[in-house]
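Visitor: Below is the structure, and that's it, no one-letter string:
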């Protein structure tokens, strides 16, 4: 019995009293009967278990004593209306248990009459505490996820459904789109210029249907205005529900136009390399194209990136100047470029470097290529490194948050706890 509406039919005759008692005792819901003043007359075992009182203790109490103080006024108002009008009602409220803990219940209330015309209150309570707590955790997780997206230093947006409605978009992304928060809730196609819509929607559909991430660097995605092209590093990451189906796509991108133009100038105008060398907003170094791999030059950005001064680099071999690179494979990559004479390019490469006396992991977009003079003669190796640590860490934090959210949904029936801070405070346990 999960609904008190059947009880009036059982209480119409004295012969049905034993049947009512049987129903009460075997119900999976907590059931209590009280007089119209709220004095408890009868309860089943489940009701006692839920509230952590003995049967005798509850029979000496009033229903109002069991109700949480913050819910009592509304409960009494609805109950009084029920008594006067004879209409059942339902309420979601809290009980205060015998051990002072609080539980949430869905409570169905009916007024029934015995054969003598005496009125009784019948309450059927179903414990929904776990559901309420899970909803709180989901809301907290979603709030954290939204805050991560809002504070990300790169353009970040979340698209839902096969029509790619914009669920979230941070200020950086809105600036890229040259729009505002009014675009949230609309389809992504409404945020893009016409010339870009077809290509980008095609990529979104591919990711949505295949379930595979799409990542590209220095892509000309669209024109933000009619004056110049812009280039972006971006990822489209599919998001999966607890059944493994794609329900949305996380889009992260950063404007790398300056880097792209810089590299283009480097390849198109070798004669200007000297001036660009020190002014470039990326790390640049040249290394001898022999077995020793000796540093010939390094700009200030490169020195800052590897945590050394130019004096600590120039004239020394790669592994002599940066011994922590041993075993990371960068010397082998440089030798391979020398042998093959083919450029090597990779994005978001993890590098372990000694900087400021500490070993740190950073991420760089890396290019190794032969540095030639106007006659085509090889002068050495050109190394171009762009620090993308901040973007990578930020993206991974958002992706980790989404993974936690999915795991939380998927594992909701199991015990989950999050330990926060140096004191390991338990936050949001289920």
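Guide: Looks like it arrived, so ask away. It should be emphasised that the depicted structure is a prediction, and the values quoted were computed from it without experimental measurement. Numbers count the residues shown, from 1 in each chain.
Visitor: gap between the two ends of stretch 365-384?
Guide: One end of stretch 365-384 sits 8 Å from the other (CA to CA, to the nearest Å).
Visitor: buried stuff in it?
Guide: For stretch 365-384, the buried set under the neighbour-count rule, 16 or more other CB atoms under 10 Å, comprises 365-371, 380-384. Any C-beta I mention is one placed from the backbone N, CA and C, and that applies to glycine too.
Visitor: In strands only, show me those residues.
Guide: 365-371, 380-384 (DSSP state E).
Visitor: how about these, which pair is most distant?
Guide: Based on CB to CB, the longest span within these runs between 365 and 380 and measures 20.7 Å.
Visitor: centre of the chain versus stretch 365-385, how much separation?
Guide: Distance of stretch 365-385 from its chain centroid, counting by CA atoms, centre = their mean, to the nearest Å, is 41 Å.
Visitor: Could you tell me the end-to-end distance of that stretch?
Guide: Note: stretch 365-385 ends 6 Å apart using CA to CA.
Visitor: Likewise for stretch 250-261?
Guide: First residue to last in stretch 250-261 (CA to CA) measures 27 Å.
Visitor: who's in contact with that stretch?
Guide: 152, 154-159, 173, 176, 217-218, 221, 229-237, 239, 281-282, 365, 386, 388, 391, 395, 398-399, 402 (CB atoms under 8 Å, 6 or more residues apart in numbering).
Visitor: now do stretch 207-217
Guide: 162, 164, 203, 206, 233-238, 240, 246, 249, 256, 347, 365.
Visitor: Compare those and tell me which is most surrounded.
Guide: Among these, residue 249 has the most neighbours (other CB atoms under 10 Å), with 25 neighbours.
Visitor: so where's the stretch 151-300 of the chain uncertain?
Guide: Per-residue confidence for the stretch 151-300 of the chain (pLDDT under 70) gives these ranges: 193-197, 221-228, 266-280.
Visitor: How are the strands of it distributed by residue range?
Guide: For the stretch 151-300 of the chain, the strands defined by DSSP state E, counting those that start in this stretch occupy 155-160, 165-169, 214-219, 232-240, 246-255, 283-287, 295-298.
Visitor: For residue 163, see how far away the residue nearest to residue 232 when sequence neighbours are not counted is.
Guide: Distances taken as CB to CB, 6 or more residues apart in numbering place residue 253 nearest to residue 232, at 4.6 Å, with adjacent residues excluded. Per CB to CB, to the nearest Å, residue 253 is found 21 Å from residue 163.
Visitor: More neighbours: the two, which one.
Guide: Set residue 253 next to residue 163 and count neighbours by other CB under 10 Å: residue 253 wins out with 22 against 12.
Visitor: ok but residue 78 is inside a strand, no?
Guide: No: Residue 78 is assigned helix when assessed by DSSP: H, G, I helix; E, B strand; the rest coil, not a strand.
Visitor: Wait, it touches residue 109, no?
Guide: Yes: using CB atoms under 8 Å, residue 78 makes contact with residue 109 at a distance of 7.4 Å.
Visitor: Give the residues shared as contacts by those two.
Guide: 89, 91.
Visitor: So which residues of the stretch 301-430 of the chain form helices?
Guide: 310-313, 318-321, 330-340, 389-410 (DSSP state H, counting those that start in this stretch).
Visitor: Would you reformat the ones you listed as CSV and include distance to residue 375?
Guide: Converted to CSV, the helices of the stretch 301-430 of the chain look like this (distance: least, CB to CB, whole Å):
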stretch, distance to residue 375
helix 310-313, 27
helix 318-321, 27
helix 330-340, 19
helix 389-410, 38
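Visitor: and residue 180, how many neighbours?
Guide: Neighbours of residue 180 using other CB under 10 Å come to 11.
Visitor: Contacts only, for residue 311.
Guide: Counting by CB under 8 Å, 6+ apart, residue 311 has no contacts.
Visitor: mind checking how far it is from residue 321?
Guide: Using CB to CB, residue 311 is found at 10 Å from residue 321.
Visitor: who's in contact with residue 371?
Guide: Residue 371 touches 286, 378-382, counting by CB under 8 Å, 6+ apart.
Visitor: Let me know the pLDDT of it.
Guide: Residue 371 is assigned 88 on the pLDDT scale.
Visitor: Find the residue closest to it in space, skipping its chain neighbours.
Guide: Spatial nearest neighbour of residue 371, chain neighbours left out: residue 382 (4.0 Å); criterion: CB to CB, 6+ apart.
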